[in-house]
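# This is a predicted model, with the sequence first.
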Amino acid sequence: MARDTLTVIDNRTGKTYEIPIHYGTYPKYGAAIRAMDLRQIRVDDEDFGLLTYDPGLTNTESAASAITFIDGERGILRYRGYPIEQLAERAAYLEVAYLLFFGELPTRQQFENWQKTIADNYMVHESMKKFMDGFRYDAHAMGIFVGTVGAKSTFYPEAKNVLDREERIRQATNILASMPTIAAYTYRHSRGLPYVHPDRSLPYVRNFLNMLFRMCDVCEEFYHNPVVERAIEVLFILHADHEQNCSTTTMRTVGSALSDPYCAMSAAAAALHGQLHGGANQEALEMLAQIGTKQNIPAFIKRVKNHETRLMGFGHRVYKNYDPRAKIIKQMADKVLEVTEPNPLLEVAKELERIALEDEYFITRKLYPNVDFYSGIIYKALGFSVDMFPVLFALGRTAGWLAHWMELMGDEEERKIVRPRQMYTGHDVREFVPIEERKANS
């Protein structure tokens, strides 16, 4: 009869080991062995024991989490069991944040209380403005954001009480509420505009747009358009969480040292700042701009196949099917560009997608559009400079980062300080040579 174990024969010693196989909710996607179970496999008593070697953690489950499920083969993404398509169509971002934080969608009364609590925390300390004013006018927006979020920890010394559940919730709520304020101040600083205080009477996304774009108290800005507001809301929802990606893993890694959530958030945002993570939509937009017109697409495709350039915004480490978020963003891009100035790059993107999805070269390699392919077009249409793209990404991902941090802090078994092993490939022991006797290295 089949057993949920793995039998390992060590050919060095001839010994046989039986190692338990553990499962998550979906056995097909969560079957794993515990790495520590391999430590019993050793040549002799002096042997440290067998380790796994996995650069990039590409086949390592580093956490047990109940927050997000992804089936990359079938293009499925769910938050706490809810399909992303339903949440993007029917939910508000703060509903999704509540779901990620607490595990269930809020009732009407819970949501009203939650919105009020968030609004009460919109404001940041006035000294934060002085801190932000210290950055050069042309400093990258994400650099300002990362530094300011980290500095915010100095205003909340009680945030270090990370093992106190109520304190965790208070600080996570404060972070979720105040991140749009910091992001808006970052944007205004880069444009040389005065900061606009948050307005507690406005809902989360509308308040953010107001802080970004309001020029004077009597102006009714174009950016109060409900289509634009909903587009930002949907983008925040789509970016809210994505399992153990680089920045979320960073959040959990820093959190494992029992750092306060502001420092952990700053580290996660710094990871998101990387070109291969939060900067991907900028690269996709630059690629479309280089293509220029639909007529240039065949020549570009030929260059991709010849490995002369890369197809940005296609393919994903996890998805081997159409990224479900990309489908939603594509529809949203059409709606946004109906109320903004037309952007010819959208037509280039659609045609590039059509050709790629019909080409055997891309089909066999399972290269489908990902979330970055269309998001940059929307941000550009709304007037954001490219250095604000990762900041906007970080705003949506804040809910997911904090949900993972709270989940980690609440689980004693998971809450072990991250300390990977390494495979040492350097010199064996060497004798020190006095400087006058050393020979130059080539």
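On my side now, so go ahead.
# could you give me the average pLDDT of whichever strand or helix holds residue 352?
Using DSSP states H and E, the element containing residue 352 is helix 344-358. Helix 344-358 shows an average pLDDT of 87 in the prediction.
# which residues sit against the helix or strand following that helix?
Per DSSP H and E, the first helix or strand lying C-terminal to helix 344-358 is helix 360-364. Helix 360-364 is contacted from outside by 305, 311, 314, 356, 357, using Cβ atoms under 8 Å, 6 or more residues apart in numbering. Just so you know, the C-beta spots here come from the backbone N, C-alpha and C atoms, and that holds for glycine as well.
# Going along the chain, name the helices of the stretch 151-300 of the chain.
Remark: helices assigned in the stretch 151-300 of the chain by DSSP state H, counting those that start in this stretch are 165-191, 204-213, 226-239, 246-256, 261-272, 280-291, 297-305.
# JSON lines for these, including distance to residue 348?
Converted to JSON lines, the helices of the stretch 151-300 of the chain look like this (distance: least, Cβ to Cβ, whole Å):
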{"stretch": "helix 165-191", "distance to residue 348": "27"}
{"stretch": "helix 204-213", "distance to residue 348": "27"}
{"stretch": "helix 226-239", "distance to residue 348": "20"}
{"stretch": "helix 246-256", "distance to residue 348": "29"}
{"stretch": "helix 261-272", "distance to residue 348": "27"}
{"stretch": "helix 280-291", "distance to residue 348": "5"}
{"stretch": "helix 297-305", "distance to residue 348": "7"}
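# looking at these, which is buried most?
Greatest average neighbour count among the helices of the stretch 151-300 of the chain goes to helix 261-272 (a mean of 25), per mean count of other Cβ atoms under 10 Å.
# Specify the stretch among the helices of the stretch 151-300 of the chain that is closest to residue 421.
Closest approach to residue 421 among the helices of the stretch 151-300 of the chain (Cβ to Cβ): helix 246-256, 14.8 Å.
# elements contacting the closest one?
Contacts defined by 3 or more Cβ pairs under 8 Å, 6 or more residues apart in numbering; DSSP states H and E place helix 246-256 against helix 261-272, helix 389-409.
# quick one, which of the ones you listed is nearest to residue 83?
helix 389-409 (16.3 Å).
# Give me the below-cutoff pLDDT ranges for this structure.
Applying pLDDT under 70 to the chain flags the ranges 1-2, 216-223, 442.
# domain assignment for it?
Per automatic domain parsing, the structural domains of the chain span 77-278, 280-381.
# Turn those domains into TSV, columns for distance to residue 41.
Below are the domains of the chain laid out as TSV (distance: least, Cβ to Cβ, whole Å):
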stretch	distance to residue 41
domain 77-278	26
domain 280-381	30
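# Ok, which of those domains comes nearest residue 19?
domain 77-278 (22.8 Å).
# can you tell me the distance between the two ends of the closest one?
One end of domain 77-278 to the other measures 19 Å (Cα to Cα, to the nearest Å).
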